[in-house]
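>>> Make a model of this:
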Amino acid sequence: MTEESDRPRIIRAIKKCLFNADEFFEKAMDSLDEIGRSSVGTGITPLIGGYALPNAKTHYREAIIAIDSGEKALAPLVKRFRDGRVNVSHFKSDEAITVLEDLAGVDFNMLISNLLQNRGRESSWYRLKEVRGRISEALNLVAES
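Residues are numbered from 1 along each chain as shown. This next block holds a predicted model:
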């Protein structure tokens with residue numbers, strides 16, 4: 001168990017991990033949204049001059065980087081959860097443990113591999129939306145220091 005003096009520090013770290021991961025996943029979703037917006041005009045890009053419309057590969061790359069960064073932001077929390085250093089005492093209810101188990105079980109490599117092959121944009125977007133929903137649940141369940 002953690003000492004009482006470590007509790008505020010651990011709670012701040014939990015909030016920081018969740019908040020940072022949420023920001024990265026939001027960036028990834030925005031990049032995936034841009035792919036959908038720019039795909040219509042890509043065929044006419046040479047007629048316009050090729051400068052105004054963004055390349056979809058750039059947005060795929062941005063989404064991949066953001067997903068990877070979000071996974072790395074969650075990694076310390078997942079590691080401490082699996083070690084037992086983050087437990088139910090750091091949250092308002094037992095439901096948070098289920099939420100953390102869900103976040104720990106997300107396969108980000110599948111999302112990244114789909115995006116590397118320039119496919120699965122919508123399914124990746126919806127999966128990120130689910131992950132962000134779980135993150136917001138976890139943020140609401142974090143105990144007060």
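>>> Counting neighbours, which bits of stretch 91-98 end up buried?
Across stretch 91-98, burial judged by 16 or more other CB atoms under 10 Å covers 91, 96. Heads up, the C-betas are built off the backbone N, CA and C, glycines and all.
>>> oh, I was asking about stretch 24-39
24-29, 31-32, 34-35, 38.
>>> for this protein, what spans make up the strands?
In the chain, no strands are found when defined by DSSP state E.
>>> Tell me where it is predicted with low confidence.
In the predicted model, the chain carries pLDDT under 70 at residues 1-3, 38-54, 145.
>>> What segments of it are helices?
Here the chain has its helices, by DSSP state H, at 7-38, 45-48, 56-83, 95-104, 108-116, 121-141.
>>> could I get the fifth one in PDB with only the CA atoms?
It stands for helix 108-116. Extracted in PDB, the C-alpha atoms of helix 108-116 (Å, rounded to 0.1, in the frame of the first residue of the first chain):
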ATOM      1  CA  PHE A 108      -3.500   0.400 -29.900                       C
ATOM      2  CA  ASN A 109      -1.200  -1.600 -32.200                       C
ATOM      3  CA  MET A 110      -4.300  -2.700 -34.100                       C
ATOM      4  CA  LEU A 111      -5.400   0.900 -34.600                       C
ATOM      5  CA  ILE A 112      -1.900   1.900 -35.700                       C
ATOM      6  CA  SER A 113      -1.500  -1.000 -38.100                       C
ATOM      7  CA  ASN A 114      -4.900  -0.200 -39.700                       C
ATOM      8  CA  LEU A 115      -3.900   3.400 -40.200                       C
ATOM      9  CA  LEU A 116      -0.500   2.400 -41.500                       C
END
